[in-house]
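**Q** structure for this input, please:
(one chain, ligands or ions: 1)
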Amino acid sequence: MTKVLVHIELEGDDVAAVSYQLLGLARKLSGQDGKVDALLVAAEAQDHLPALGIANRAFTLSGESAAAYLPEVHLKALVEAARQSQPDIVLTAYSSAGLDLAAAAAAAGDFSLVAYCEEAERDENGLIVTSQLYGGRLVARSRVVLPALLSVIPGAFDEAAGRMSGAPEAVDLAHHLDLSQQRMRLVEVTAPEGGDVDITKAEALVCIGRGIGGKDNIEEAEELAELLGAEIAGSRPVIDSGWLPKTRQVGKSGMKVAPRLYFCLGVSGAPEHLEGMRDAGFIVAVNKDPAAPIFEVAHLGTTCDLFDLLPALADRLRQTAP
Ligand code: FAD
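**A** Take a look at the predicted model:
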């Protein structure tokens, strides 16, 4: 019988979309005869139990020390949940919290670790995992020795498969953990300043990547955006270089967007970028490198130089404008 333990995350007041994806994957890997356990660390963890109905059992930790994400509290809880659950497979998200936890939890529990996992299936000899390397440019298929911890790319698995309301058996971890010697406490959360356009609400986005080459070239992309009735957005290097404000960043550490049209110029399509835009209705990619991972999600793509395409496309759009 296969046992899977899932680390659950919250997004605001709700169970995060990626956690439902992990729960669906957990049920697939455990099979109907296996067991799925969930771990939820939150101020009022018990309030979320009905949302975790696909799990057989939910380990919870509530109260003040569980209210904000503190790596050492989550790690202690995950290690204790794993001690009680004795899972064959532990699933964490490849998220900011999951990135913190995965390696430490794998070391503490002596689990094999596979990061950047995008597919996982059982076979008679164990577990076969597909994971991404070098920002998605290489894909590795590995046979993994159990017990194993997989850190899973958000968006790689179906969310609906993990959504089931119910009443998993609850196990309170409070009495099993010594949290008296915490070395970290949350001082403050700083949210990005508003005031700019909300790109999550845009119907169309022109997203520029590092391939745009420099701040002076953005004007051409902005012209295209205007002609398409789109807002301008950027990948992380564009934001980090100060070419666009942080409010325009798409991806894991930026905004999750789902416009009807996503037109990207010189974006390679690293997993952290795809995480923020893979739900867009129609994705157009312009990238000189035919092996760029962005083409795996694009509905339409061209390998021409973006600086050749931009003036020609702008001319054509101007001619056809009503
Ligand atoms: P590159 O990967 O450098 O790609 C540039 C592309 O432009 C290349 O594929 C190249 O072929 C193409 N190109 C160059 N010149 C031209 C031309 N003239 N015409 C056409 N094509 C051209 N990234 C994000 O975007 N958003 C995030 O929120 C984010 N969060 C992250 C969080 C974490 C924890 C980590 C570790 C990384 C994160 N990243 C994020 C970074 C991510 O891993 C990539 O490094 C980043 O997305 C790459 O940006 P890019 O595609 O613009 O640049």
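
**Q** from Ala258, how far out is Leu10?
**A** 21 Å (CB to CB, to the nearest Å). (Each C-beta comes from the backbone N, C-alpha and C, glycine too.)

**Q** who's more crowded, these two?
**A** Leu10 (17 against 14; other CB atoms under 10 Å).

**Q** tell me the phi and psi of that one?
**A** Torsion angles at Leu10 (phi, psi; degrees, to the nearest 10) stand at phi -110, psi 150.

**Q** was I right to think it contacts Tyr20?
**A** No: using CB atoms under 8 Å, Leu10 makes no contact with Tyr20, being 11.8 Å away.

**Q** what about Gly254, how many neighbours?
**A** Count around Gly254 with other CB under 10 Å applied: 23.

**Q** skipping adjacent residues, who's closest to Val79 in space?
**A** Ala108 (4.8 Å; CB to CB, 6 or more residues apart in numbering).

**Q** what sits up against stretch 188-208?
**A** Here stretch 188-208 makes contact (CB atoms under 8 Å, 6 or more residues apart in numbering) with 68, 218, 221-222, 224-225, 228-235, 238, 243-248, 250, 255-267, 277, 280.

**Q** can you tell me which of these are buried?
**A** 218, 221-222, 224-225, 228, 230-235, 238, 243-244, 246-248, 250, 255-257, 259, 261-267, 277, 280 (16 or more other CB atoms under 10 Å).

**Q** ok, and of the contacts of stretch 188-208, which contact the ligand?
**A** Filtering the contacts of stretch 188-208 for proximity to the ligand (criterion: CB under 6 Å from any ligand atom) leaves Ser235, Val250, Gly266, Val267.

**Q** among those residues, which are located in helices?
**A** Nothing among those maps onto helices, per DSSP state H.

**Q** got these as a markdown table, with pLDDT and distance to His74 columns?
**A** Below are these laid out as a markdown table (pLDDT from 0 to 100; distance: CB to CB, whole Å):
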| residue | pLDDT | distance to His74 |
| --- | --- | --- |
| Ser235 | 98 | 29 |
| Val250 | 96 | 27 |
| Gly266 | 98 | 37 |
| Val267 | 98 | 32 |
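
**Q** tell me which two in those are the farthest apart.
**A** The largest separation in those, counting by CB to CB, is between Val250 and Gly266 at 13.5 Å.

**Q** inside strands: which ones of the buried ones among the contacts of stretch 188-208?
**A** Mapping the buried ones among the contacts of stretch 188-208 onto strands (DSSP state E) picks out Glu231, Ile232, Ala233, Gly234, Leu261, Tyr262, Phe263, Cys264, Leu265.

**Q** and the contacts of whichever strand or helix holds Glu296?
**A** Assigned by DSSP states H and E, Glu296 belongs to helix 294-297. By CB under 8 Å, 6+ apart, the residues outside helix 294-297 that reach it are Gly136, Cys264, Val267, Ser268, Gly269, His273, Leu274, Arg278, Ile283, Ala285, Asn287, Gly301.

**Q** switch to 10 Å and redo it
**A** 136, 155, 207, 209, 262, 264, 266-270, 273-274, 277-280, 283-287, 289, 301-303 (CB atoms under 10 Å, 6 or more residues apart in numbering).

**Q** how about it, does it get close to the ligand?
**A** No: on the criterion CB under 6 Å from any ligand atom, helix 294-297 is out of touch with the ligand, staying 7.2 Å away.

**Q** tell me the helix or strand right after that helix.
**A** Next along from helix 294-297, by DSSP H and E: strand 300-302.

**Q** could you check whether that next one is close to the ligand?
**A** No: applying CB under 6 Å from any ligand atom, one finds strand 300-302 separated from the ligand by no less than 8.8 Å.

**Q** now that strand: buried residues?
**A** Buried residues in strand 300-302 (16+ other CB under 10 Å): Gly301, Thr302.

**Q** by contact count, what packs against that strand?
**A** strand 282-286, helix 294-297 (3 or more CB pairs under 10 Å, 6 or more residues apart in numbering; DSSP states H and E).

**Q** what about the closest residue to the ligand within the stretch 151-300 of the chain, how many neighbours?
**A** At 2.2 Å from the ligand, Gly251 is the closest residue in the stretch 151-300 of the chain, using CB to the nearest ligand atom. By the measure other CB under 10 Å, the count of residues near Gly251 is 23.

**Q** next up, phi/psi of Arg210, please.
**A** Backbone torsions of Arg210, given as degrees, to the nearest 10, read phi -60, psi -20.

**Q** the helices in the chain, which residues?
**A** Assigned by DSSP H, the helices in the chain fall at 17-30, 64-67, 71-85, 96-109, 218-228, 236-240, 271-277, 294-297, 306-320.

**Q** helix 96-109 and the third one, what's the angle between them?
**A** Helix 71-85 and helix 96-109 are oriented at 50 degrees to each other (axes from the mean of the first three to the mean of the last three CA atoms, to 10 degrees).

**Q** wait, isn't Ala16 in contact with Pro154?
**A** Yes: using CB atoms under 10 Å, Ala16 is in contact with Pro154, at 8.3 Å.

**Q** spell out which parts of the protein neighbour the ligand.
**A** Within the chain, the positions near the ligand by CB under 6 Å from any ligand atom are 135, 209-211, 235-237, 249-254, 266-268, 270, 272-273, 276, 286-289, 292, 305-307.
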